[in-house]
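Novice: fold the following and give me the result.
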Amino acid sequence: MAHDYDKAKPRQVVVHFHQNLSGRPSMVAKKGQARGTGTYIDAPFHFHESGADVAGLPLSRLVDVPTVVVDVRGTVAIGSEHLSAVPDLAGAAVLFHTGWSRHWGTGQYADGSPFLTRYAVGLLIESDVAVVGIDALNIDDVGDLSRPAHHGLLGAGIPIIEHLTNLAALPASGARLTALPPPVVGMGTMPVRAVATIDS
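Specialist: Numbers count the residues shown, from 1 in each chain. Predicted coordinates:
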């Protein structure tokens, strides 16, 4: 469910080898500004100074979380009407399957990407979901600088996962998400490997 990290913004990560104390070569990766690249998770601290950073995210929101996959393919502005018939949102990982990940690595990926409206965000917050993910460029309309989805969801303590992929492989319900970022203190966003298991 996660894009390869090395294909996202490779110029932001410098890898070289040096000799360690044993005299053998060791790989060292210098991370530049490669936080929000590949598939990544936003913690509340990303938009709210008093919110949890990626190291402080509750594991209950990230490990073995029941998923609800909402098929919104063909929709650009995803509204609350797409959630009205979806049961059991409370405590769920709500993943929006837009199909936009098919454009990953092309110029079209950034052009006309689907996003959540403030009405969908309000319903997600009201429903007390665990985490929200999308297989698109941004959970917000990039033309709306007020960023209602980021401000709203992160303000409610709900992490956001962007640039997901392979959501077509998941059922509408009956899967469980695990998405763990490195526990880096003081960071609001980090790459994440998102995986799902399907209940038998």
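
Novice: hang on, Ala110 packs against His163?
Specialist: No: Ala110 lies out of contact with His163 (Cβ atoms under 8 Å); the separation is 11.5 Å. Just so you know, the C-beta spots here come from the backbone N, C-alpha and C atoms, and that holds for glycine as well.

Novice: between these two, which one's more packed in?
Specialist: Neighbour totals were compared for Ala110 and His163, and His163 leads with 26 against 12 (other Cβ atoms under 10 Å).

Novice: still on that earlier bit, between Ala110 and His163, which contacts overlap?
Specialist: Here Ala110 and His163 have Leu137 as joint contacts, going by Cβ atoms under 8 Å, 6 or more residues apart in numbering.

Novice: now do the buried residues in stretch 184-197.
Specialist: Residues of stretch 184-197 classed as buried: Met187, Gly188, Thr189, Met190, Pro191, Val192, Ala194, Ala196 (neighbour count, 16 or more other Cβ atoms under 10 Å).

Novice: quick one: it to chain centroid distance?
Specialist: On the basis of Cα atoms, centre = their mean, to the nearest Å, stretch 184-197 sits 8 Å off its chain's mean C-alpha point.

Novice: cool, stretch 150-167 as well?
Specialist: The answer for stretch 150-167 is 5 Å, by Cα atoms, centre = their mean.

Novice: cool, and stretch 115-134?
Specialist: With Cα atoms, centre = their mean, you get 13 Å for stretch 115-134.

Novice: straight-line length of it, end to end?
Specialist: 8 Å (Cα to Cα, to the nearest Å).

Novice: quick one, grab the pLDDT at the nearest residue to Arg73 once chain neighbours are set aside.
Specialist: For Arg73, ignoring the flanking residues on the chain, the nearest one in space by Cβ to Cβ, 6 or more residues apart in numbering is Gly99 at 4.2 Å. Note for Gly99: predicted pLDDT of 97.

Novice: wait, what's in contact with Gly99?
Specialist: Arg73, Gly74, Asp135, Ala168.

Novice: buried subset of the residues you listed?
Specialist: The buried subset of these (16+ other Cβ under 10 Å) comprises Asp135.

Novice: which stretches in the chain count as helices?
Specialist: For the chain, the helices defined by DSSP state H occupy 118-126, 148-155.

Novice: before we move on, back to that, measure the residue nearest to Arg73 to Ser80 for me?
Specialist: 20 Å (Cβ to Cβ, to the nearest Å).

Novice: tell me, what residue is most central in this protein?
Specialist: Ile161 (0.9 Å; Cα atoms, centre = their mean).

Novice: so what's that residue up against?
Specialist: The contact partners of Ile161, by Cβ under 8 Å, 6+ apart, come to Thr39, Tyr40, Ile41, Asp42, Val131, Val132, Gly133, Ile134, Ala179, Val192, Ala194.

Novice: so which of these belong to strands?
Specialist: In this view, the contacts of Ile161 that belong to strands under DSSP state E are Tyr40, Ile41, Asp42, Val131, Val132, Gly133, Ile134, Ala179, Ala194.

Novice: how far away is the third one from Thr197?
Specialist: Which is Asp42. 23 Å.

Novice: ditto for the fourth one
Specialist: With distances defined as Cβ to Cβ, the gap from Val131 to Thr197 amounts to 16 Å.
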